[in-house]
Each structure stands twice: as structure tokens, then as C-alpha cells.
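[1] with the input below, show me the fold.
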Amino acid sequence: MEATLAALAPQLRLSRPTGPLVPVLPALQDFLPERGLRPGAVVSVTGGGTALLLALAAAATSAGTWCAALGFEGLGLLAAAELGVDLSRLVVVEAPHERWPEVALALADGFGLLLLRGGPPPGPLAERLATVARRSGCAVVVSGGWPGARVRLRVASQSWEGLGSGRGRLRARRVTVVAGGRGAAARERRVGLWLPDAHGAVRLDSAAGPPASVAADPLAPVAAEGRQTSTPAPVPSGRGPLVVV
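    Alright, predicted model coming up:
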């Protein structure tokens, strides 16, 4: 893995975000106090599987930022592409559990965006990861809870459209996202979102009305992550992500 990252280093340095924030899709900007991902600040995502997490990476990779995904077994690459992720800018990393912390630090030092799954590391390591990411200009999005996350996003409910009386094709997913966190993100809101709509776009659900404030502490841990409803199809040759074992 170290040799692969060394070979990619020149491209990674040229593919850093040009501004202070890593961009996100317009429909997701209201979830973030600065309307983008702040390098060194962790965003945690719970509920709803990996769809929201992947959607947060779509605008960045499309703009040329390299993204690394660590700890995601069987990542739905077709779903990622349909949500707007540029797979040619995505590196999927598989590492032994005991090496997860050091691999995460190495990736934070080399990529503009880091997606993590595998549970929060001990406190000192979490702080070190944030320091490395802030110094190198890497935004971090975590699947699951994370101590001290600046922004917390939770898919509170979801429903699919396209099924009739037990038959049909899943065409669109409507979700409700509760957003909160620390500092400027402390005001908690509930927002309706298509993830995606029937045309494959990620957009706000206008039928849900404007973002609404929610009661204190709506971000209790959810019982279980959402599950994929279909098996990912093969990624077209030549456009897939780089996989590092």
C-alpha cells in the first residue's frame, strides 16, 4: 500500500481542493455550516447505509479531488457512480483490522477526502487523525458514530418508490436526515431529501417543506444501519476505482 500511495503522490498533490472547503452537491450544502466539508473536521453519518456518505463524495471527485475509502467491504460501486462519484478518483483500501489506525493516518496525509468505516479509534488517535487531516487539507467523513464529530448526520427514516403490490422496480428513495453537531452546526434540523430521485439525482424533497428545527438530542444511536437492496453490478472496465489491499 505504501508503494502505491508513493506512486500516486504527485497526482494526489495536484488534486487537492483549491479552496478552504471540499465541495458537496447543492442539495447537501444546507447540512453543513460552511456549505462544504472543512478539512480536519469529521462528519459522521449514521443510518441509511452508505448512500448519504457516498453522495457527500460526489461533487469533490467530480471536481478532481482524490477520495480514499477505508474499511468498506463490498462497497456498492455502481451505486456510487449513480450518485455522482467519479470512480476514476476513488481508491478503495482494504487493510487488516489491526492496521486500520496507521492506514487511516497515511490516507489522511495523502488524499483530499477520506471515507472511513470501522468504528472510532481511541481518543488520542482520533485527535491525531484530525490534526493530520487539517494539516494536509483532507476532509473526513465517517460511517457510524465518532467522538467529537463536528457535524452529525442521521438518516431518521427512508422509503422507496417504484414497488406496486409487492412487485416492481425500486426507482427512488426518499429520506429524512437529521443534522446537528458542535459549534456552528449545533442547531439541529430535519430535512427531506431524495437519495436519489427517479432520474438518479440527489435533491431536496420539496414536498417535505423547508428544513425544520427538531427537539434537543434527536441524534440518539440508531439500532441498525440500512441495508442495500440489490447486489452491485460490475464497474465498466477502465473507469473503476483503484483497490489497494
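[2] distance of the residue lying closest to Ala95 once chain neighbours are set aside from Val202?
    What sits nearest to Ala95 in space, not counting adjacent residues and going by Cβ to Cβ, 6 or more residues apart in numbering, is Val103, at 4.3 Å. Heads up, the C-betas are built off the backbone N, CA and C, glycines and all. Separation of Val103 from Val202 (Cβ to Cβ, to the nearest Å): 29 Å.
[3] isn't Leu153 up against Gly48?
    No: if you go by Cβ atoms under 8 Å, Leu153 and Gly48 don't touch, sitting 9.2 Å apart.
[4] between those two, who's got more neighbours?
    Using other Cβ atoms under 10 Å as the criterion, Leu153 and Gly48 rank with Leu153 on top: 27 against 24.
[5] report the contact partners of the more buried one.
    31, 43-46, 52, 177-179 (Cβ atoms under 8 Å, 6 or more residues apart in numbering).
[6] leaving out chain neighbours, which residue sits closest to it?
    Counting by Cβ to Cβ, 6+ apart, Val45 is the residue found nearest to Leu153 once chain neighbours are left out, at 4.9 Å.
[7] beta partners for Leu70?
    Applying DSSP bridges to Leu70 yields these beta-bridge partners: Val93, Leu116.
[8] please, which helix or strand holds the residue nearest the centre of the chain?
    The centroid of the chain falls nearest to Leu53 when counting by Cα atoms, centre = their mean (2.4 Å). When elements are assigned from DSSP states H and E, Leu53 belongs to helix 51-62.
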